[in-house]
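# I'll drop the sequence and a predicted model, then ask my questions.
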Amino acid sequence: MIDPRDLTGAESEPLGSLADRLSALDAEAWDPPAPPPLRSLPAEPSAARARRGLVVRPGLAVAACGGLLAAGIGAGIAFERAGRQDTTVASRTQALARVGDAPALAGGTLRITNEEIPRILVDVHGVAPTGSGRFYEVWLMNSADDLVSVGGFRVDDKGVGRFEGSLPVPSSGFKFIDVSLEPADGNPAHSKDSVLQTEI
């Protein structure tokens, strides 16, 4: 290997002259050249601009949800009312006729609804008031020995009363609706004192 210190004469002259020339240069000559200008690229839509069409204002969103909820509730109410109207139209109303020793002006009406669990409504008028020791009872009846109690009710001093409730068994298995006057003695049997009746 050649030691640089052994270089003398003509071989070392080019290096010395190069160093002299570099040291004689101005300081500005040492500044790096400015980079070439960048070419401008075509602008692309930003992510924010691309999503602008999907922005929904909170106020409008709440209003839209409220409108959909109101529409759903309205449809549900309309459906429920339609079902109630169907059962109302299918119900039947008929007169209760005076029987036995009932007052001459005694009368009433019977209504049975055609629902999954049928309901019965009995209105009476012109019958004897019940007071504290008696009550009237509604029966599903085929005969005095084949009957089912529906429920009891009282009549005011004007001879007016009402019973409303659910039928314990289907009325299709019976021929009559009977209303009897019963003593409040705890005996569940029919008193044999019928005042109003109708065939069903």
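Cool, got the structure. Residues are numbered from 1 along each chain as shown.

# Just the local confidence number for G161, please.
Here the pLDDT value assigned to G161 is 98.

# Quick check: it touching A128?
No: G161 is not in contact with A128 according to CB atoms under 8 Å; the separation is 10.4 Å. (C-beta placed from N, C-alpha, C; glycine too.)

# pull the helix or strand with minimum mean pLDDT from the protein.
Scoring the helices and strands of the chain by mean pLDDT, DSSP states H and E places helix 47-50 at the bottom, with a mean of 43.

# May I have the beta-bridge partners of W139?
S149, D178 (DSSP bridges).

# quick one: it and L147 touch, right?
Yes: using CB under 8 Å, W139 is in contact with L147, at 4.9 Å.

# Next up, the contacts around V195.
By CB atoms under 8 Å, 6 or more residues apart in numbering, V195 lies in contact with R98, V99, G100, D101, A102, A106, V127, Y136, V179, S180, L181.

# and of these, the nearest to G152?
Distance to G152 across those (CB to CB) is lowest for Y136, with 6.5 Å.

# What subset of the contacts of V195 is buried?
R98, V99, A102, A106, V127, Y136, V179, S180, L181 (16 or more other CB atoms under 10 Å).

# Was I right to think the first one contacts G108?
No: counting by CB under 8 Å, no contact exists between R98 and G108, whose distance comes to 9.0 Å.

# any chance of the contacts of V195 in JSON lines, with distance to P188, secondary structure and pLDDT too?
Rendered in JSON lines, the data for these read as follows (distance: CB to CB, whole Å; DSSP: H, G, I helix; E, B strand; the rest coil; pLDDT from 0 to 100):
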{"residue": "R98", "distance to P188": "25", "secondary structure": "strand", "pLDDT": "97"}
{"residue": "V99", "distance to P188": "21", "secondary structure": "coil", "pLDDT": "96"}
{"residue": "G100", "distance to P188": "20", "secondary structure": "coil", "pLDDT": "91"}
{"residue": "D101", "distance to P188": "22", "secondary structure": "coil", "pLDDT": "91"}
{"residue": "A102", "distance to P188": "22", "secondary structure": "coil", "pLDDT": "94"}
{"residue": "A106", "distance to P188": "24", "secondary structure": "coil", "pLDDT": "97"}
{"residue": "V127", "distance to P188": "21", "secondary structure": "coil", "pLDDT": "97"}
{"residue": "Y136", "distance to P188": "15", "secondary structure": "strand", "pLDDT": "98"}
{"residue": "V179", "distance to P188": "16", "secondary structure": "strand", "pLDDT": "98"}
{"residue": "S180", "distance to P188": "12", "secondary structure": "strand", "pLDDT": "97"}
{"residue": "L181", "distance to P188": "15", "secondary structure": "strand", "pLDDT": "97"}
